[in-house]
Structure formats: C-alpha cells, structure tokens
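Novice: here's my sequence, what's the structure:
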Amino acid sequence: MKKILYTAAIVSLLFACKNEEKKQDSAEKQKQEEVYEVKETASNNSEEKENHQLRSISKAQVTPEIDGVANDSVWQNLEWYQLDQKWVGEDYTEEDYQGKYKLTWDEEAIYILAEIQDDILIDQYEDPFKQWWDDDCVEVFIDEDNSGGEHQYGHNAFAYHVALDGNVVDYGPDKKPHLYNDHVKSAHKTEGNTTIWELKVKIYPDTYQDENNSVKPVQLSAGKNVGFALAYCDNDTSKTRENFIGSVYVPGEDKNQGWINADIFGTLHLEE
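Specialist: Predicted structure coming up:
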C-alpha cells in the first residue's frame, strides 16, 4: 500500500510540475506579445518596422467612381473592417458614432469606402489651416515604403486630414500646414446619420517635396506593402473634437501617435 501511495504522490507531483510549466510558458508568451506591441510604437527609423494588422487587399478590376455612392461593383464583395479604436476622448455610444471601411487598389491609388454613422457633422472652421483636426474629418495615414518611423514634420509618411469641404491638410517639413488636395480625391453623401465617404489616395514616396511638383506618385503593383491606418475626428458641438477613433490598436496611455509615428500604422499587402 505504501508503495502505491508513494507512486501516486510522484505522479501527482510530476503532473503539477507540467501544469506549472504550461502556465509559465503561457505567461512568457503573453509577456513577449506585450513587449512586441510596445516595440511597434518605438519611433526609430534605423530599425525596420514590424508588420502588424497585416491585411491583404485585392486589386480592383473596375476602378470605383469617387462620388460618395457605394454602388460600384468593386465594393460589393469586399470585407468590412471596423473603425473602432478610441485614440482620443471619452467613451462614446453607438448612437453617437459607428464606423467601418473597405479597401481596394489599382496602379494609380488605394481606394477607400468608409461608412460613418455620426449624429452631428461639424465643419466650423472655414480656414483649412485653423484647427483642421477639430472639425469632423476622415484622416488617412500612408507610409509608401512601410518603413515606419517619425514623420511629424516630414514626408517619411503622410497624415492626410480630409475635411468635409474636400480640403486635405498635413504638416510639411517647414512645420506649417499645407494643402495636399492633389494627393487625395474624396466625395461623401449623407442620409440621416450615415455618411458614405469614397476616397482615392495616391501614394507618394518619402522623396516628395512640397516645392517640387516633379516628384510623382508611385505606380502600385502586386506584392507591395504599404503602411496604412484610417481614423475619424468626431466633433458634435464643441470647439474641439470629442473623439478621435482609429483603425489600429495602439498600446499604452498615449494613443494619439499616428500623426507623429508611422510605426503604429498597420500594413496593407497588395494582391491581384
């Protein structure tokens, strides 16, 4: 009997040890994932950006018409992605805001269809260079070579603020806002609380210069990776926006990093 009890005790001890090893392995894996997430937000051009939110998007066989109407055949069978990551502001209700989007591409551009449910649309600043981020607008983040890194006052990446009046604003290397209306063509239509946005976004390289129109957008092709994020500035009745909602999860307390740090962008993989 003692021998049987001794054997049972040994088996129980071994079983407990294996369970503890599994717990440690799981904890270590979680720790590694957390470290990976934090590393993605580090702004350092000397290190290659680590891809996250990697999405493959298919090429458009027929280019969508940019008219704010979602009836183009190319949109019909594409996947919806959620625009639901709170970057700035307090919690909001579904009655106040909901957002989702689709993506496609051709040699000329990336195309975005966004459906935004917003109960109040605000365009209070007529001057496109005055607090452009505090009006309701769609913001498109593009990093042509998916390199990541800082881009606050440079063209390593772009943060295009697309206003309700169609103006497109971002900072330039001179630390002043500029219009990039020739980079993004947009149209939107609103019925009730729902606004449909269609955008055609040309992809410019980091060699782009504000004073030099000779730098042309790149020709896109299958196999290319592009850094990308989408966001929506929501202002209901305030002098400043109430919320800033993005497409990519950003770890840490400060989630409003996209306009500075392209490391937080997701990655689009272009496919035929």
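Novice: residues contacting stretch 53-67, please?
Specialist: 72-75, 78, 81, 103-106, 108, 110-111, 113, 185-187, 189, 198-200, 222, 247-249, 266-272 (CB atoms under 8 Å, 6 or more residues apart in numbering). Where you see a C-beta, it was placed from the backbone N, CA and C, and this is true even at glycine.
Novice: which of those residues count as buried?
Specialist: Among those, those buried by neighbour count (16 or more other CB atoms under 10 Å) are 72, 74-75, 81, 103-106, 108, 110-111, 113, 185-186, 198-200, 247-248, 266-268, 270.
Novice: what's around Gly223, how many residues?
Specialist: 9 (other CB atoms under 10 Å).
Novice: three-state assignment of Val250?
Specialist: Classification of Val250 by DSSP: H, G, I helix; E, B strand; the rest coil places it in coil.
Novice: correct me if wrong: it contacts Gln257.
Specialist: Yes: using CB atoms under 8 Å, Val250 is in contact with Gln257, at 6.1 Å.
Novice: strands along the stretch 101-250 of the chain, start to end?
Specialist: For the stretch 101-250 of the chain, the strands defined by DSSP state E, counting those that start in this stretch occupy 110-118, 137-143, 158-163, 168-171, 177-179, 184-191, 194-201, 225-234, 243-246.
Novice: closest one to Gly68 among those strands?
Specialist: In terms of CB to CB, the element of those nearest to Gly68 is strand 184-191, at 3.8 Å.
Novice: show me what that closest one is packed against.
Specialist: Contacts defined by 3 or more CB pairs under 8 Å, 6 or more residues apart in numbering; DSSP states H and E place strand 184-191 against strand 158-163, strand 194-201.
Novice: now do that strand: distance to the chain's middle.
Specialist: 19 Å (CA atoms, centre = their mean, to the nearest Å).
Novice: what angle separates it from strand 137-143?
Specialist: With axes from the mean of the first three to the mean of the last three CA atoms, to 10 degrees defining the directions, strand 184-191 sits at 150 degrees from strand 137-143.
Novice: contacts for strand 184-191, please.
Specialist: By CB under 8 Å, 6+ apart, strand 184-191 touches 66-69, 121, 138, 140, 160, 162, 164, 166, 168, 195-202.
Novice: partners of that strand in the sheet?
Specialist: Strand 184-191 sits in its sheet next to strand 194-201 (antiparallel), going by DSSP bridges.
Novice: run the chain-centre distance for the partner strand.
Specialist: Relative to the chain's own centre, strand 194-201 is displaced by 15 Å; criterion: CA atoms, centre = their mean.
Novice: what do you get for stretch 182-189?
Specialist: Distance, centroid of stretch 182-189 to centroid of chain: 18 Å (CA atoms, centre = their mean).
Novice: report the backbone C-alpha coordinates of that stretch in PDB.
Specialist: The C-alpha trace of stretch 182-189 is given here as PDB (Å, rounded to 0.1, in the frame of the first residue of the first chain):
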ATOM      1  CA  ASP A 182      -4.000  66.600 -55.500                       C
ATOM      2  CA  HIS A 183      -3.000  63.600 -53.300                       C
ATOM      3  CA  VAL A 184      -6.500  62.700 -52.200                       C
ATOM      4  CA  LYS A 185      -9.700  62.900 -54.100                       C
ATOM      5  CA  SER A 186     -12.800  62.500 -52.000                       C
ATOM      6  CA  ALA A 187     -16.600  62.600 -52.100                       C
ATOM      7  CA  HIS A 188     -19.200  62.000 -49.500                       C
ATOM      8  CA  LYS A 189     -23.000  61.800 -49.200                       C
END
